[in-house]
Each structure stands twice: as C-alpha cells, then as structure tokens.
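*Asks:* All I have is the shape, not the residue letters:
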C-alpha cells in the first residue's frame, strides 16, 4: 500500500481487516517490523484518540514515533510560483521534501473549514503533502475522510458479527456544534466494501455527498431505518447541501433506549467523543450493547494494520 | 498496589522506600519490567520536574511513555446525567474508559483552584478519573497531595540519615504567589509513616488541614522549632483556614544561615522551584548542607518504585 | 568533546566531519552507544528541522530523547543574588542543576533578541546553562551561532566535493523579516576550518561581526563574487552594524538562474525554511544543482556525530 488517504487506497479491504484482527489478538506480534523506521505525526488540529492510538500502534511495531502539534504554527505556502514575502515561511515543496528525508511514514491531520465546500472536498492540504512527499502519507483525519476510524469501525463490526448478514444503520444525531462529514463519509466507504446491509438515516437537508453515498439506501424516517438493525452507528454531521449548517434543535433524533427496542438487540456505536443526552441517551451508551470502547481500542489495531502495510 | 493517589495508598511505606533506594543504586536494574506497557501522563497544569522524572522512570522500566499537555483543552464533563449541549465535549466515563484501553497506567496532574476548599479537598478530578478507569491511576500532583514528591523526600532523608532518630522540621516560608497545600500535606503523611520527630512550624493562620496534621507537633515560633533539627524542609503554602490567602510580607520567615545555626548541622530541603532570597537565602541553598538536587534526582527513583508496584 | 556551543568547541573539525559522513553511510551503526542515556531538548523558540533531526539522531544512537517546548514558559532568573519576588519562578542554578541530574546531554535553543547587540553576542542564555550544568550542553541555535547547521553544511559540501579546491560563496539575500546572524556566523566558522576558498558577499551595511569574519574575503558585488563558484549558500541576515535592521527592498540580491550561470555549475545551498522568489528563484531551487534536501538530511548525521562525541 503506497498511501492511506482514503478507504479506497486499500487494495484489499478484507485482507486489511484480517490483519487488523490479527493485531487485536496478537498486539505485540510484529515488534521488529518497523525497527529503524520513523513515523512522524503532524497535527494541524487537536487530537487525542487518533494521536494516542497511532503512536501506540507505531511503537508496537517497533517504530520511533514523533508527534508534532502544529496548531500554533508552520503556516505553509501551497501555491506554485508564489512570491513568498508575506507571513508564510515555508513552501510545501521544501516542507514535504524535508519530512521525506526525516521520516518513513508521515501522518497528517487537517480538518475541514466548513466554509468552502469545494475547497474542503478537494482535500487540498493532505493531497498536497501526498503529492510532494517521497514517503507514504497516512490520513489522521482530513477535510473529507477519516479512514483509520473506518477501519476500526469495520473491525468492531466483525468482532461482534452475528451469524447472519448484519443490518448496519448510520444515523444522524443533533449536536451543538457544526461538525465535518469526514467520519460518516469514510464509514460509508468502509461498509460498501463489506458484506452488510447499510442504511443511512438523517433529516432532510442532511444528505451526504452523493458521490460517496452512491446507491446506499437512504431513509429519512429514523424509526423505520432502525427496525431490525444489528448495529446502530450514531454520528452528527453538518449539512453538505447548505454547507456547514447544523440543526441542534432536532432533538427527536437523539438515540434513546425506546428507539433501540425496534432493533435486533442492536449494538450501539460511536467514534467518540460523544455528547451524552444530546447524541445518545445515557441508558443506551451505558447498556451492555454499547461497543464504543471496543471501537476506541480497535483504533490501535487498525493503525497497526495500516502502518504494517505502509512499511512493506 | 492498585493506585497511588495518596501516601496512604502504599500498603507498606518502608518497603516502597526500600524499592526506591534500590533504584537509586541500580537505576537500570528492571529495564524489562514494563515491556509492552504504556504509561500515559496527562497534565492539566504545567510540569517540568514531575513530567521529566516520571517519564525517565517509566523509560528505565522499559515502558512506552506518552505525555499529553492538556493545559489548552480537553474540557471534561464530570456530572452524571448531564445534557451535554454546552462546551464540554466529552464525559469522564468515556474519557477514562478509552484511556484504560490505551494505557496500562494513567498519571494525572490537576492543581487546586484555591477558590473552593471543599471542592479542592474532595480532590474531584483525580478521584473521578480513578473511579472510572480500569487501570491504576498515579497522582502527578492533585489539589491536595503530591505523593511522588513525598516519597522522594522520604528517600532523601533516608539517604542522609544520621545515626540517631532525626528531627525533621517543616517550615512555612513567604512567597509572592498563593500556592496549594499539596506538597506540605503529603510530606507530613510520609513523615508520619517514618521513624522521625516531625515538627511543623508556620505563622498563626497558616495551620494545615487538622485531618492531615493529626497529632504532629505544631510550633508557631520558627526559631524554637529549628533547634537541633537534622532536616529543615522549607515550603510556602497558602492558608487553609482563610482558604487561599497568603502573606508575602512575612519576611522574617525566610530561612537564613543565622537561623540554620540553631540546627544540628541541619540539611536544607525544598521541592523546587524555589524563590531565592524570599523562601531561602542564597547562603543556605548554596551551602554544603543543601540537598535539594538529591531530592530532585530522587524523584526518578520514587517514580520507578511506584510504577514498578503499579505494574505488578 | 565537553560541549558543543560553537564550531570552535570541536577539537578536530575534520574528524567530526568524518564521523558525520560515517553516519551518513551507516545511520544505524551505533544503535547502542547511547543506551540508558537521556538527551533533553529545551526549546525557548520554535523548531522543526532541528528538533526532528536531533531527536532522530539521538534515537539512532539508542538514547531516550525528551523534547520540551518552553515557548510558553519557564521564565528563569539569571542574576546572582536576585531577590526573587517577581514573576521569575526559578533560578538558573537550580534549573541547570536539576536538568543535570535528569539528563546526560542538554540541548538548548534560544534565539537572538535583535534588540541589544551586546547582550545577544554575549550569548547569555546558553552560556549560563553551560556554566551551571554538570553535563554537556548542545547548541540547538543560540543568539549568535548554529553549529549543528554548520556541520551539516560542511558535510554537504564534502558530499558534493568537486575534484579541485572548491570556491564557496555565502551570499546575503533579501527577506521580509529581520533574521539573526547565527547561521551565517557558524557557516563562516565551519568553512574557515576546511580547505575551501570562501567569499562572503552582501550589500554595504550588512557586514557581519569582524571578529567572526576575520580575513575572509568580502565582496560587495554579488555578480563578481559568484564567478566560478562551486557552491552558493544564500541566506538572509539582519544588520550587525545597525543592529537588527533589514532591507527587504533589495530585490536585486535575489538569487536567479541568470546569476547562477556565472558559476562553475554551482550547487545551490540554503538551511531552510526558504522564501521562494524572494531569497531564491524557483528555477534555482528546483534545479538539479539544488542540494538543500541533502543539507536537511545531513542535519541528522551531523547531530549523530556531535552526540556521539558528547557521549564519550
């Protein structure tokens, strides 16, 4: 695997899942695979889970992991032929060139602005890094995707796989802030590569990018969508159509235990952090069917699998 | 040992001291003890000595150590059943749950507010972490205690042990800022578990929490307290009674060489950082009887001993 | 080698270059040399290349590397006999004393103020650390020097050595901000210890410190200086005479391909980050004769060589 910018970069999703599942059962199996290799994690936005899980994954493979918080600085020039007499101190060409000499894999987080849909969906920052680096680039959540989360989510569904083809529901939920569509996008892309029935449910006006949704079933009635669901993934996202708009007042979309009773003893999923009693009721997330901590733990094994492939 | 939130969590203080002393003489003896284990250090307040000494201690035991500075963020909700539509993005239940999946030991620093005595003395933040995590929690200085410092202090006294039962004086000193009582509290608790004569001296109005002081001798006359002292630990703390009040004008409490002459060639101790010529005169801290750098170095061995016990 | 504060601290520049070149060809040769040793990197100013290259160098030698960002704090008192009742919480004596107990090598970055020439050229901060520490101090760029950069630069020239004594030109270039003289100073000092013809060229008013330049040839006509150059190192620095003054309007000093044609197929060098089309035209830095990424990579090997010597 040459890079992992989107779920589509994995040539064989099923094989990658096998590998992640192998590390789930044998976390220290490949402790020398990354010996003398450096993983550099660059964060243009804050991170807790992604930073920790990816660092632990790299260390378990024997890599040296260096984490840099760039939330305060390193303002790069991305335009070719720019006359750099302003406040941008370095061009992406040198930045990426130098990082390629220093590291064997470069991880990068750069969130959506939620101001300019076209710019966000070009995923400019991570694509510019990927274009100018000589080493594999790993997406630690970009403007439009979070493929490490998607692999962890897929692994969690496999870990709790029923003995039939599962029904998986991705449901929108209210949230006080406007959030990107990245997690939802990558989750859909991951599920499209698995043997599941996927239904996406959300209020009208919150349809995701049609290029990503493709022919996945969309149901505007949350209750109908939840019927007989084996897995219920709840997540807020802001509007794609009215780009960045949000609807915290739609409290009827909060996932409650009453709604869960229509499911097939459905497992509750969320990528965390989660707003309790806004996105999901306490009674659901605290129930025995909540598998959010497995999802979080699986972030480590997903990152191990991806790093192992990028090291090959 | 299941956790190390206070000195009282050590089932056998003398054994823990033995272990710390063993690492002082053999710092690299247990380089594989923490192999494949992760220590996560979380700092809600800045740290230099504690961060470095604990990181070095973990590394010497073969642990992977990850340090996170949370002074800029990760605002957690601690209330049960909260409707999280404000500015707190994550509940302690998920935060502690996820950290328990990622790390084998969680260290946490969270200072006193010095605004609300009852809240501070409930030591809410660290106790909430300890309640919700599945792995041992290590106190890196909380609102009311600094038990790693107390173990290092006790080790330093043992290292410089005279051939008689030592007299140990804990003396208040002036300081331009209002400081917590945490270091003084834990020092007293550590000394209460050792074979020493402890005397606490401070101006009236600066009595410490009576639940901690217990029947330790308190002497309001600093000069009388210092007579024949073998160890003089100087430290500022703000008032417990008039909670958070301070008295920088009480310059007669600065420890001078003249005062030290009443001691039994007493050793000067301080946890650092120290305000020279406010807390202590240059002539004292620069003298051959100053053992403040031993105290600082012993922070490493104290942390090794505690981490080793928590790994068991 | 007891410390590496300036190029002059290397007793044998040629041997140090040999060692750096050895690590360039055998980066993992001495993976146990620094076992059980800690490198502590302290940054009073931001750093990317220096931080990363030095961390990687330390790790390749088997050291534990701890990096601390002090850009937000740790305001130290440097004056002897100060009464510390202001906002400085710790004296350099304790700070350096404690760090010496915690680390085996201390790296320090502290830039020039560009306000007070005398203070800057006393290189007060790093010299105070060196005076009060018991372990080797490593300059990660101080007010007046950047000797790790100078060693990497020298290694890069050796790597691309022509079969004759090379002509090396250090040329001033315009820049929108006032920059220190540190890189230029150390580069000159490094070149003075090698078998090269060095010419320094800059506008009048930008002469460097005469104590450093010594009898190196200075040429105010950039075009004449560039004739038959084998290496062209371009770098901005602010004025030493009119201390801290700069001249962004002198655009005729930008290095262009037209100017490079007077050279002997000269290699283009810069320490990065570089302002494209201000310091150097795209066509030069993007040409096959640009060796800036080799310079950056050589930062690792230079740091390995210096750390290895400091560990002896």
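*Replies:* Good, I have the coordinates. Since we're looking at a predicted model, the values are computed, not measured.

*Asks:* Excluding sequence neighbours, find me the nearest residue to residue A:221.
*Replies:* residue A:201 (7.3 Å; Cβ to Cβ, 6 or more residues apart in numbering or on different chains). Glycine gets a C-beta too; all of them are placed from N, C-alpha and C.

*Asks:* Look up how far chain B lies from the one you found.
*Replies:* As defined by Cβ to the nearest Cβ, to the nearest Å, residue A:201 lies at a distance of 22 Å from chain B.

*Asks:* Same check on residue A:299?
*Replies:* 9 Å.

*Asks:* now for the strand or helix carrying residue A:299, which elements pack on it?
*Replies:* Here residue A:299, judged by DSSP states H and E, is contained in helix A:292-311. Judged by 3 or more Cβ pairs under 8 Å, 6 or more residues apart in numbering or on different chains; DSSP states H and E, the packing partners of helix A:292-311 are helix A:13-25, helix A:49-60, strand A:105-109, strand A:137-139, helix A:147-159, strand A:267-269, helix B:92-102.

*Asks:* Residue A:116: what's it in contact with?
*Replies:* residue A:243 (Cβ atoms under 8 Å, 6 or more residues apart in numbering or on different chains).

*Asks:* Can you read off the backbone torsions of it?
*Replies:* phi -130, psi 100 (degrees, to the nearest 10).

*Asks:* tell me the SS of residue A:194?
*Replies:* Three-state call for residue A:194 (DSSP: H, G, I helix; E, B strand; the rest coil): coil.

*Asks:* got it, and the one 4 residues further on?
*Replies:* In the three-state summary, residue A:198 is assigned as strand, counting by three-state DSSP.

*Asks:* and the nearest residue to it once chain neighbours are set aside, how far is that from chain C?
*Replies:* Once flanking residues are discounted, residue A:198 sits nearest to residue A:191: 4.5 Å by Cβ to Cβ, 6+ apart. From residue A:191 across to chain C, the span is 38 Å (Cβ to the nearest Cβ).

*Asks:* Counting neighbours, what do you get for residue A:191?
*Replies:* 25 (other Cβ atoms under 10 Å in any protein chain shown).

*Asks:* now the angle between helix A:49-60 and the helix holding residue A:299, please.
*Replies:* 50 degrees (axes from the mean of the first three to the mean of the last three Cα atoms, to 10 degrees).

*Asks:* What mean pLDDT does helix A:292-311 get?
*Replies:* For helix A:292-311, mean pLDDT is 98.

*Asks:* follow-up on the earlier one: in CSV: the helices and strands packed on helix A:292-311, plus distance to chain C and mean pLDDT.
*Replies:* Below are the helices and strands packed on helix A:292-311 laid out as CSV (distance: least, Cβ to the nearest Cβ, whole Å; pLDDT from 0 to 100):
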stretch, distance to chain C, mean pLDDT
helix A:13-25, 23, 98
helix A:49-60, 12, 97
strand A:105-109, 11, 98
strand A:137-139, 17, 98
helix A:147-159, 23, 98
strand A:267-269, 36, 98
helix B:92-102, 21, 96
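
*Asks:* Need the winner for burial among the ones you listed.
*Replies:* Mean neighbour count (mean count of other Cβ atoms under 10 Å in any protein chain shown) peaks for strand A:137-139 among the helices and strands packed on helix A:292-311, with a mean of 28.

*Asks:* Residues of the stretch 101-250 of chain A that sit close to chain B?
*Replies:* A:176, A:248 (Cβ under 8 Å from any Cβ of the partner chain).

*Asks:* Output the below-cut-off pLDDT ranges for the stretch 101-250 of chain A.
*Replies:* Judged against pLDDT under 70, the stretch 101-250 of chain A has no low-scoring part.

*Asks:* show me where it has strands.
*Replies:* For the stretch 101-250 of chain A, the strands defined by DSSP state E, counting those that start in this stretch cover A:105-109, A:137-139, A:167-172, A:197-201, A:217-219, A:231-235.

*Asks:* how about those in JSON lines, adding distance to residue B:229?
*Replies:* As requested, these are arranged in JSON lines below (distance: least, Cβ to Cβ, whole Å):
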{"stretch": "strand A:105-109", "distance to residue B:229": "55"}
{"stretch": "strand A:137-139", "distance to residue B:229": "59"}
{"stretch": "strand A:167-172", "distance to residue B:229": "68"}
{"stretch": "strand A:197-201", "distance to residue B:229": "73"}
{"stretch": "strand A:217-219", "distance to residue B:229": "78"}
{"stretch": "strand A:231-235", "distance to residue B:229": "63"}
